[in-house]
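**Student:** need a structure here:
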Amino acid sequence: MKTWICTTLANFYGPMQGAARLYAYLKKDGYDVFLEDFNQNAYFALLSQGNLAQVLEGLKNNIDSFSRSKYLREDVGSLLSNSSNKGIDHILEKATGHKLENKDILFALLEAGDFVIEEIEKARQVLDREFLRLPPREFLIAFQTFLCGKAILDAAYYPAQLDMGLGFYGDEYSTNANDIIRATTDLRHNYLIPYFLNMVIPQFNKDQPAIVGISITHTSELIPAFTLARLIKSTNPSTHICLGGATPTEVAYRMVKNLSLWEIFDSLVLGPGESSFGELIDHLESKRDLSDVPNLIYKAGSSIRQSKLLQDFDINNACTPDYGSVRPGSVLPLETASGCYWGKCIFCYYPRQGTASGEVAHEKKRVRNIQLVLQDIGVLRDKYHPGFIGFTDSSLHPKRIEQIVNYNMNSLNKVYFSAFIRLEKEFKSPAFCKKIAEGGFLGGQVGLESGSQRINDFINKGVKIADAEEIITNLNKAGILIHLYTIIGTPGETLEDSQKTYNFINRMRDTLTLGWQIYPLYVVEHGPLNERAAEFGLTTVPLPDEYLSQFMLYNVQHGVTQNQSMQLSISFSQELLKYINPVHEIMDIESHKVFLLLQQARGFPPAKMKDIYAQISGLCS
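**Tutor:** Here you go, the predicted model:
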């Protein structure tokens with residue numbers, strides 16, 4: 001049976017791993033399967049000359065409402081300006097010969113629309129052709145102009161927005177099932193409907209796949225995935241649509257409570273697709289009962305059922321991801337282990353990820369043999385020449401980093417790589433840090449969680465604050481870039497503890513070259529904090545059943561409340577924002593991290609990127 005494996009709008013900078021790994025696995029076993037990238041391709045189609053011309057035409061049709069309200073014109077002009085970091089102001093100044101106030105930007109855009117769209121199209125073609133192999137100055141200039149297309153889309157479909165690091169964004173829809181269903185037919189706010197209708201459905205009609213698998217890694221992909229599924233079902237109701245990936249696995253127990261969603265799709269795979277998707281194809285082809293397909297939740301008539309067997313996948317049986325065709329210099333993700341080798345933090349859900357059962361044990365079948373990992377690296381290097389490989393493990397152990405470094409040092413072509421890491425004792429050695437930097441380790445992301453030693457001890461982080469400062473300093477001196485994650489509001493945390501987290505970041509800000517994120521505490525419904533809520537003085541309340549989210553409301557017996565956690569994380573982030581590398585002005589935080597890591601690999605460290613950005617900021621504002 002002809003099968004599509006699809007990704008949807010998620011991230012501008014590179015392809016998604018889960019679908020590519022499953023595609024390789026199915027192809028190896030001889031299935032008639034095709035990988036369809038509706039992620040990166042969507043960005044380039046949405047911001048194309050043809051699509052933007054139609055979007056502007058739609059704005060022109062609403063010109064009467066804009067004409068009557070100065071405030072509305074101000075709002076739209078401000079949105080266009082801010083969404084492009086004043087890039088659209090610059091293009092319009094070229095077109096009109098003078099600077100514009102916000103109230104005049106929309107009318108100027110409609111008047112000079114052809115010129116503006118032609119400028120965006122030139123940048124789009126450069127990015128499509130050269131992508132991340134462009135020198136940083138040229139990339140930033142082209143990217144800034146490309147953002148003007150995003151700004152036009154944002155203005156036309158507000159409050160739905162296009163995000164370069166997270167895909168479908170904005171406040172028009174929540175994770176509520178009713179919102180998701182509404183989004184699938186909402187031409188006013190869902191900019192993906194025209195794209196899918198014009199670009200994807202004709203291809204679907206040509207290929208006529210009997211089965212379509214749609215991968216969903218993050219909740220931001222729910223709207224794109226369900227929109228695509230709805231349009232496919234509308235085109236051919238007999239097509240079997242199966243959802244998979246991290247998000248459907250985590251919220252499957254909620255999806256089964258929302259029968260209206262199941263009018264749009266037919267089945268859902270728990271955990272890695274390799275355990276079940278091939279069997280799903282076989283059962284559908286032979287018209288057998290789906291109850292024997294492992295890890296499957298499926299629609300049977302008017303009821304939703306779960307198959308008999310839960311079966312976890314041995315990652316050593318996985319194939320190297322086959323990403324098909326990727327743009328030059330793309331960043332490629334690669335997993336070497338699921339879960340977390342530490343797995344002791346009282347708040348953390350990561351140890352349960354990557355399995356169908358939610359099992360927390362870090363068994364051998366969840367850790368890929370290093371020789372297989374090195375083979376994966378070699379295949380991706382030789383086939384795609386990536387800008388760098390981003391390891392997606394919850395945490396890559398220093399020993400494994402060193403093994404990859406040794407492989408690099410013995411290879412003719414070094415592969416740069418990034419990873420999530422823990423602040424382990426190995427990094428207290430300047431010599432070790434220097435070695436791994438020379439061997440291709442660019443850096444990545446690390447969780448400290450709290451600047452208070454009392455709180456870090458309470459959550460079993462296993463990190464001393466003094467050691468954290470020493471390690472981050474060593475990594476920085478070696479040229480390894482670090483992004484720090486912290487949390488405000490751990491159970492029992494005081495305002496003084498929270499302030500220590502702020503003070504730590506402020507003190508270390510010059511060494512945190514990729515920046516930082518300060519999160520409020522999230523209590524997850526199937527996570528350890530909720531399971532031990534009484535022990536930690538928490539009273540938890542799940543969201544209503546129609547929300548496809550595990551996040552909970554909670555009250556505390558003492559310490560920082562949920563509202564304070566949210567407020568402090570926002571205020572601390574705003575106070576520290578001025579210290580982050582200024583490239584963030586034209587990039588969201590996810591894009592910012594990827595871009596700086598990529599430039600580090602090419603010999604442009606963050607300090608140099610500051611200078612380059614300063615040189616072109618006049619062109620970008």
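**Student:** please count neighbours and contacts with C-alpha atoms only from this point.
**Tutor:** OK.
**Student:** what does stretch 78-89 contact?
**Tutor:** 99-100, 102-103, 105-106, 144-145, 147-148, 150-152, 154-155, 585-586, 619-621 (Cα atoms under 8 Å, 6 or more residues apart in numbering).
**Student:** in that stretch, which residues are buried?
**Tutor:** Residues of stretch 78-89 classed as buried by neighbour count (16 or more other Cα atoms under 10 Å): Ser78, Leu79, Leu80, Ser81, Asn82, Ser83, Ser84, Asn85, Lys86, Gly87, Ile88, Asp89.
**Student:** tell me the one among those residues nearest to Phe277.
**Tutor:** Ser83 (40.3 Å; Cα to Cα).
**Student:** mind listing the helices for the stretch 151-300 of the chain?
**Tutor:** For the stretch 151-300 of the chain, the helices defined by DSSP state H, counting those that start in this stretch cover 177-183, 192-195, 201-207, 222-235, 246-255, 277-286.
**Student:** same deal with the stretch 451-600 of the chain?
**Tutor:** Using DSSP H, counting those that start in this stretch, helices in the stretch 451-600 of the chain cover 453-458, 465-477, 495-508, 528-531, 562-576, 589-601.
**Student:** what separation do you get for the residue nearest to the spatial centre of the chain and Phe12?
**Tutor:** Geometric centre of the chain, nearest residue: Leu166, 4.9 Å, by Cα atoms, centre = their mean. Between Leu166 and Phe12 the computed distance is 8 Å (Cα to Cα, to the nearest Å).
**Student:** what's around Tyr407, how many residues?
**Tutor:** The number of residues packed near Tyr407 is 18, by other Cα atoms under 10 Å.
**Student:** can you report phi and psi for it?
**Tutor:** Main-chain dihedrals, Tyr407, degrees, to the nearest 10: phi -60, psi -50.
**Student:** just checking, it touches Leu374?
**Tutor:** Yes: contact criterion Cα atoms under 8 Å: Tyr407 and Leu374 qualify, at 7.3 Å.
**Student:** in a markdown table: the helices of the stretch 451-600 of the chain, plus mean neighbour count and mean pLDDT.
**Tutor:** As requested, the helices of the stretch 451-600 of the chain are arranged in a markdown table below (neighbours: other Cα atoms under 10 Å; pLDDT from 0 to 100):
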| stretch | mean neighbour count | mean pLDDT |
| --- | --- | --- |
| helix 453-458 | 16 | 97 |
| helix 465-477 | 18 | 98 |
| helix 495-508 | 17 | 98 |
| helix 528-531 | 18 | 94 |
| helix 562-576 | 17 | 98 |
| helix 589-601 | 22 | 95 |
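**Student:** so which of those is nearest Ala431?
**Tutor:** Across those, closest to Ala431 is helix 465-477 (Cα to Cα), at 9.1 Å.
**Student:** where's the closest one relative to the chain centroid, distance-wise?
**Tutor:** Taking the mean of its C-alpha atoms, helix 465-477 sits 27 Å from the chain's own mean (Cα atoms, centre = their mean, to the nearest Å).
**Student:** which residues of the stretch 1-150 of the chain fall in helices?
**Tutor:** Taking DSSP H, counting those that start in this stretch, the helices of the stretch 1-150 of the chain run over residues 17-28, 40-46, 49-60, 63-68, 70-83, 87-96, 102-111, 113-130, 136-157.
**Student:** which stretches in the stretch 301-450 of the chain count as strands?
**Tutor:** 303-306, 332-334, 389-391, 417-421, 441-449 (DSSP state E, counting those that start in this stretch).
**Student:** do you know which of these lies nearest Ala123?
**Tutor:** Between the strands of the stretch 301-450 of the chain, strand 332-334 lies closest to Ala123; by Cα to Cα that is 23.1 Å.
**Student:** can you list contacts of that closest one?
**Tutor:** Gly14, Pro15, Met16, Gln17, Pro321, Pro386, Gly387, Phe388, Ile389, Gly390, Phe391, Thr392.
**Student:** just the helices in the stretch 301-450 of the chain please.
**Tutor:** 370-384, 398-409, 430-438.
**Student:** same list, the ones you listed, but as CSV with mean pLDDT please.
**Tutor:** Shown next, in CSV, are these (pLDDT from 0 to 100):
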stretch, mean pLDDT
helix 370-384, 98
helix 398-409, 97
helix 430-438, 98
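**Student:** for these, give me JSON lines that also has distance to Gln517.
**Tutor:** Output for the helices of the stretch 301-450 of the chain, formatted as JSON lines (distance: least, Cα to Cα, whole Å):
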{"stretch": "helix 370-384", "distance to Gln517": "29"}
{"stretch": "helix 398-409", "distance to Gln517": "23"}
{"stretch": "helix 430-438", "distance to Gln517": "24"}
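**Student:** out of these, which comes closest to Arg422?
**Tutor:** Nearest to Arg422, of all the helices of the stretch 301-450 of the chain, is helix 398-409, at 8.5 Å by Cα to Cα.
**Student:** what helices or strands is that closest one leaning on?
**Tutor:** helix 370-384, helix 430-438 (3 or more Cα pairs under 8 Å, 6 or more residues apart in numbering; DSSP states H and E).
**Student:** any idea which of those is most buried?
**Tutor:** Counting by mean count of other Cα atoms under 10 Å, helix 430-438 has the highest mean neighbour count of the helices and strands packed on helix 398-409, with a mean of 19.
**Student:** packing partners of it?
**Tutor:** Judged by 3+ Cα pairs under 8 Å, 6+ apart, the packing partners of helix 430-438 are helix 398-409, helix 465-477.
**Student:** tabulate those helices (CSV), appending distance to Phe265.
**Tutor:** Output for the helices and strands packed on helix 430-438, formatted as CSV (distance: least, Cα to Cα, whole Å):
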stretch, distance to Phe265
helix 398-409, 40
helix 465-477, 47
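**Student:** select the helix or strand of the protein having the lowest average pLDDT value.
**Tutor:** Ranking every helix and strand in the chain by mean pLDDT, DSSP states H and E puts helix 63-68 at the bottom, with a mean of 67.
**Student:** closest to Leu448 out of the helices and strands packed on helix 398-409?
**Tutor:** helix 430-438 (18.5 Å).
**Student:** report the distance from the closest one to the chain centre.
**Tutor:** 29 Å.
**Student:** next: stretch 8-25.
**Tutor:** A distance of 11 Å separates the centroid of the chain from that of stretch 8-25, by Cα atoms, centre = their mean.
**Student:** now do the same end-to-end measure for that stretch.
**Tutor:** First-to-last distance for stretch 8-25 - Cα to Cα - comes to 20 Å.
**Student:** do the same with stretch 356-372
**Tutor:** With Cα to Cα, one end of stretch 356-372 sits 23 Å from the other.
**Student:** and the contacts of that stretch?
**Tutor:** 249, 270-272, 295, 310-316, 336-341, 343, 351-352, 400, 403.
**Student:** next, the buried residues of stretch 534-552.
**Tutor:** In stretch 534-552, counting by 16+ other Cα under 10 Å, buried: Phe536, Leu538, Thr540, Pro542, Glu546, Tyr547, Leu548, Ser549, Gln550, Phe551, Met552.
**Student:** how far does that stretch stretch from start to finish?
**Tutor:** Stretch 534-552: ends 15 Å apart by Cα to Cα.
**Student:** got the contact list for it?
**Tutor:** 175-178, 250-251, 254-255, 257-258, 491-492, 522-526, 529-530, 533, 553-558.
**Student:** verify the stated contact: Leu296 with Val269.
**Tutor:** Yes: under the criterion of Cα under 8 Å, Leu296 makes contact with Val269 at 4.9 Å.
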